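Q: Got a predicted structure here, sequence first:
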Amino acid sequence: MVNISIALDGPAGAGKSTIAKIIAKAKKLTYIDTGAMYRAITLKILRYGKNVQEEQIKKILSDSKIDIDGNDIFLDGKLVTEEIRKPEVSNFVSHVAKISFVRMKMVELQRKIAANKNVIMDGRDIGTYVLPNATYKFFLTASIDERAKRRFTELKEKGFNVTFEEVKNEMEKRDKIDTEREFAPLRQAEDAIVIDTTGKCIQEVVDEILYYLK
Ligand code: CDP
Ligand code: CDP
């Protein structure tokens, strides 16, 4: 049997993980949140400070264990699903994710998890680099204001003390670093279906994707 794989890419706050979880459930696919993996290793690196050197990052990487189980992510056996969403991690993750050897390790892990499974994987480089032969590729976008508003609302609901401007600035900076990095940047695959989600509710986007999957 040929495995089905769905690549879902796009900038921060485009709705990737929310949509991916719903599609995974509807189509009985394994959901793989690749951003959570970069966030988990960033959380660990931050424990050593922001000025940690390359050699030390290599050591931290080789000493770390990242596991995904459904919507949960574990770092060295400890559940970090909530902790990786904190603003300190969001502010630093793109600096970690642009390091080539970090990406190589994460991509290796992502491909290993996806092997012999029907998957939906969300990230920045899934359709272009991680799964270039994915059965379906989608690229979700939305205006920066809408994406920042969504993330701001989410963070406030979780009790984080942030302003809309801070969230918007952080997202813009992250999108810039993710887009401009040399190795596997945030880019729409040529054969991806682009969905602009500005002004669309979650269900509308889900329906649009389900239509293509028929
Ligand atoms: O949920 P949100 O869009 O805010 O971010 P995320 O998907 O959790 O990804 C966090 C960060 O990880 C991104 O801003 C990228 O720097 C990095 N990332 C990446 O480089 N490649 C991926 N495939 C996924 C995430
Ligand atoms: O994974 P990504 O960063 O692309 O976005 P997300 O974490 O799935 O979505 C960010 C927030 O926007 C969540 O709180 C979603 O519920 C919300 N959202 C929305 O209001 N409308 C959409 N069409 C998609 C997501």
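A: Nice, I can see it. Ligands and ions are numbered 1, 2, ... in the order given.

Q: What's the local residue count around the residue of the chain found nearest ligand 2?
A: The minimum distance from the chain to ligand 2, using CB to the nearest ligand atom, falls at residue 15 (2.7 Å). Quick note: C-beta positions are derived from backbone N, CA and C, even for glycine. Residue 15: 23 surrounding residues under other CB atoms under 10 Å.

Q: Quick check, it in contact with residue 204.
A: No. Between residue 15 and residue 204 there is no contact under CB atoms under 8 Å: 10.3 Å.

Q: What sits closest to residue 162 if chain neighbours are left out?
A: Closest residue to residue 162 apart from its sequence neighbours, by CB to CB, 6 or more residues apart in numbering: residue 155 at 5.3 Å.

Q: For that neighbour, the count of nearby residues, please.
A: Around residue 155 there are 19 residues (other CB under 10 Å).

Q: Enumerate every residue touching it.
A: 87, 162, 167 (CB atoms under 8 Å, 6 or more residues apart in numbering).

Q: cool, residue 119 as well?
A: With CB under 8 Å, 6+ apart, residue 119 has these contacts: 3-6, 29-32, 113.

Q: And for residue 87?
A: Taking CB under 8 Å, 6+ apart as the test, what residue 87 contacts is 155, 160, 162, 166, 170.

Q: Now which of those residues would you call buried?
A: Buried members of the contacts of residue 87, scored by 16 or more other CB atoms under 10 Å, are 155, 166, 170.

Q: Determine whether the claim that the first one is in a helix is correct.
A: When you say that, I think you mean residue 155. Yes. With DSSP: H, G, I helix; E, B strand; the rest coil as the criterion, residue 155 is part of a helix.

Q: Neighbouring strands of the helix or strand bottoming out on mean pLDDT in the chain in the sheet, and parallel or not?
A: Ranked by mean pLDDT, DSSP states H and E, the weakest helix or strand in the chain is strand 66-69, scoring a mean of 94. Here strand 66-69 has these sheet partners by DSSP bridges: strand 72-75 (antiparallel).

Q: Give the buried residues for the partner strand.
A: 73, 75.

Q: how about it against ligand 1, any contact?
A: No. Judged by CB under 6 Å from any ligand atom, strand 72-75 stays clear of ligand 1, getting no closer than 10.2 Å.

Q: Which residues does that strand contact?
A: Applying CB under 8 Å, 6+ apart, the set of residues contacting strand 72-75 is 33, 36-37, 39-41, 43-44, 64-68, 79-81, 84.

Q: Likewise for stretch 171-191?
A: 7, 9-13, 90, 93-95, 97-98, 100, 103, 107, 124-125, 127-130, 132, 137, 139, 144, 147-148, 151, 194.

Q: change it to 7 Å
A: By CB atoms under 7 Å, 6 or more residues apart in numbering, the residues outside stretch 171-191 that reach it are 9, 11-13, 94-95, 98, 100, 103, 124-125, 127-129, 137, 139, 144, 147-148, 151, 194.

Q: re earlier: same list, the contacts of strand 72-75, but only the ones touching ligand 1.
A: 36, 39.

Q: if I look at the residue most central in space within the chain, how far off is residue 60?
A: By CA atoms, centre = their mean, the chain has its centre lying nearest to residue 35, at 2.8 Å. Distance, residue 35 to residue 60, using CB to CB, to the nearest Å: 19 Å.
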